[in-house]
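Enquirer: turn this into a model:
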Amino acid sequence: MYKLFGLEISPYTLKIKSYLNYKRIKYRWIKNPKSKELHKLAQLPFIPLLLTDNNEVLQDSTNIIEKIEPNYSNNSIYPEDSRLIFISSLLEEYADEWMVKHLFNYRWTYEADQNLASKRMAASSIPFYIRYLLPSRAASEIMYFALKVGITIILISMGSTGLVIRSIG
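Expert: Now for the predicted structure:
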């Protein structure tokens, strides 16, 4: 059984999760970003990471799919026509590299979205022992405050990018 390491708020993790579900590939989803196994296996410090049945470590969502697809030809994600494969690859590359900029702009530019995203991040980052020592709301608020400080820095550094993205759309 495969092991997928990643968080619910990661668009790349959700891409792999969706792919594995579509292909009906059995996997265990490990959502703990502090997992010792994740840190031991990771060649690069980002998610998703997929550990295959033969203990091959794969990272980068596009690379993961390209490595697995030949082994699971049922319900191919690639069209049969080579011209359509090119268009499909072009759209996938655009979505992976450029649409994510819009995602992060909207995730961190507006206060309601900042609050929701930071609470979701905080919930996934609360250390195991704090979950049991403090009521869940108190632990979530502590992590939320810590992330809010980081978000302010992100927003300042994204300021001009956010304006550029909004003026384009």
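Enquirer: grab the nearest non-local neighbour of residue 1.
Expert: Once flanking residues are discounted, residue 1 sits nearest to residue 26: 4.9 Å by Cβ to Cβ, 6 or more residues apart in numbering. Every residue, glycine included, has its C-beta placed from N, CA and C.
Enquirer: surely that neighbour and residue 3 touch.
Expert: No. The pair residue 26 / residue 3 is not scored as a contact, 10.5 Å apart, by Cβ atoms under 8 Å.
Enquirer: between these two, point out the one with more neighbours.
Expert: Each of residue 26 and residue 3 has its neighbours counted (other Cβ atoms under 10 Å); residue 3 has more, 19 against 9.
Enquirer: show me what contacts that one?
Expert: By Cβ atoms under 8 Å, 6 or more residues apart in numbering, the contact list for residue 3 reads 27-28, 30, 37, 50-51.
Enquirer: tell me the bridge partners for it.
Expert: residue 28, residue 51 (DSSP bridges).
Enquirer: gap between it and residue 90?
Expert: Residue 3 sits at a distance of 31 Å from residue 90 (criterion: Cβ to Cβ, to the nearest Å).
Enquirer: could you measure from residue 59 over to residue 47?
Expert: Distance from residue 59 to residue 47, by Cβ to Cβ: 8 Å.
Enquirer: these two - which one has more neighbours?
Expert: A direct count of neighbours by other Cβ under 10 Å for residue 59 and residue 47 places residue 47 higher, at 21 against 18.
Enquirer: distance of residue 101 relative to residue 65?
Expert: 21 Å.
Enquirer: with residue 32 instead?
Expert: For residue 32, the distance to residue 65 - Cβ to Cβ - is 23 Å.
Enquirer: again, but for residue 98
Expert: Residue 98 sits 18 Å away from residue 65, going by Cβ to Cβ.
Enquirer: also residue 123?
Expert: In terms of Cβ to Cβ, residue 123 sits 28 Å off from residue 65.
Enquirer: same drill for the two, tell me which one is more crowded.
Expert: Taking neighbours as other Cβ under 10 Å, residue 123 and residue 65 compare with residue 65 leading, 19 against 16.
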